[in-house]
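>>> no sequence on this one, just coordinates:
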């Protein structure tokens, strides 16, 4: 099987992932070694207090780079740092547990070429997606409530903003992440807002869940912050939306 010539970057943010990070990085490296001529994996250690940093450093190669934060900054900030430091023509980010089947990367690259889109987002709500996540009723309710808030308050037609698989062209990644400011889990919502302001074309693809561990989002602590971040985004983009559009011109 011939390898794809595209230079791909994969950014993985991680916090206290010592139990699974080695397995994830090895599996991801093998996949990209088999399918792409040129790739890089950027692991952003978001201030881990366990042995995550040591483990990742022991695995470092010319194809695997590590960025360390001294203190936890938040997933949004970790992804932003990795995406702006990436060198690939196409730049993706996903979670440290590799929750989705890696074939999504191949599908995304084909879609980039066939549609000339600026970004691709996994969508768990598509009929072709497989997501037997086994979420608790409360987590499902919280997720649905967050989606309703985003769609009604921000007038977005995106049902699944939080899927942990997204990719952008190099130019789109530079534009979006140079402007993004949300450091927490709601950063995905801001990316869609910025993409809309910049008239960027984002396509959805189905994803297949292969890792069934529960999300590391802590509903009691993270969910209120996510809701509050959306409310702040509403105020900021309602007042400053024109300024963001000007930065794309």
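Nice, thanks for sending it over. Computed from a predicted structure; not experimentally measured.

>>> give me the distance between residue 55 and residue 97.
15 Å (CB to CB, to the nearest Å). For the C-beta atoms, the positions are set from N, CA and C on the backbone; glycine is no exception.

>>> so residue 180 touches residue 81, yeah?
No: in this structure residue 180 lies outside contact range of residue 81 using CB atoms under 8 Å: 10.8 Å.

>>> residues making contact with stretch 65-81?
11, 13-15, 40-47, 53, 56-57, 60, 82, 85, 93, 177, 180, 182-187, 190 (CB atoms under 8 Å, 6 or more residues apart in numbering).

>>> please state the offset of it from the chain centre?
How far stretch 65-81 lies from its chain's middle: 13 Å, per CA atoms, centre = their mean, to the nearest Å.

>>> ok, now stretch 112-130?
Using CA atoms, centre = their mean, the offset of stretch 112-130 from its chain centre is 13 Å.

>>> next, the buried residues of it.
112, 117, 118, 119, 120, 121, 122, 123, 124, 126, 129 (16 or more other CB atoms under 10 Å).

>>> next: stretch 78-91.
So stretch 78-91, judged by 16+ other CB under 10 Å, has buried residues 78, 79, 80, 81, 82, 83, 85, 86, 88, 89, 90, 91.

>>> which helix or strand contains the fifth one?
Under the assignment given by DSSP states H and E, the secondary-structure element containing residue 82 is helix 75-85.

>>> name all residues that make contact with the residue sitting nearest the centre point of the chain.
Residue closest to the average C-alpha location in the chain (CA atoms, centre = their mean): residue 93, at 4.1 Å. Counting by CB under 8 Å, 6+ apart, residue 93 makes contact with 10, 11, 12, 13, 79, 82, 83, 164, 165, 166, 167.

>>> bridging residues for it?
residue 11, residue 166 (DSSP bridges).

>>> how close does it get to residue 76?
10 Å.

>>> cool, and residue 185?
Distance from residue 185 to residue 76, by CB to CB: 7 Å.

>>> cool, and residue 173?
Applying CB to CB to residue 173 and residue 76 gives a distance of 14 Å.

>>> have a look at the two and say which one is more surrounded.
residue 173 (26 against 23; other CB atoms under 10 Å).

>>> roughly how far apart are the more buried one and residue 99?
21 Å.

>>> before we move on, what about residue 93?
12 Å.

>>> any residues in contact with both of these two?
Joint contacts of residue 93 and residue 99 (CB under 8 Å, 6+ apart) are 164, 165.

>>> for the chain, what are the low-confidence residue spans?
The chain contains residues with pLDDT under 70 at 132-139, 211-221, 238-249.

>>> the strands in it, which residues?
4-14, 36-46, 64-69, 90-94, 119-122, 165-169, 202-205 (DSSP state E).

>>> strand partners of the second one, parallel vs antiparallel please.
In this case it means strand 36-46. Using DSSP bridges, strand 36-46 pairs in its sheet with strand 4-14 (parallel), strand 64-69 (parallel).

>>> I'd like to know which of those strands is closest to residue 107.
strand 4-14 (11.9 Å; CB to CB).

>>> thinking again about what came up before, so how far is residue 30 from the residue nearest to the centre of the chain?
From residue 93 to residue 30 the distance is 19 Å (CB to CB).

>>> residue 103 too?
14 Å.

>>> residue 204: which of the buried residues of stretch 78-91 is nearest?
For the buried residues of stretch 78-91, the nearest to residue 204 is residue 90 (16.4 Å; CB to CB).

>>> correct me, but the closest one touches residue 111?
No: the criterion here is CB under 8 Å, and residue 90 misses it with residue 111 at 10.6 Å.
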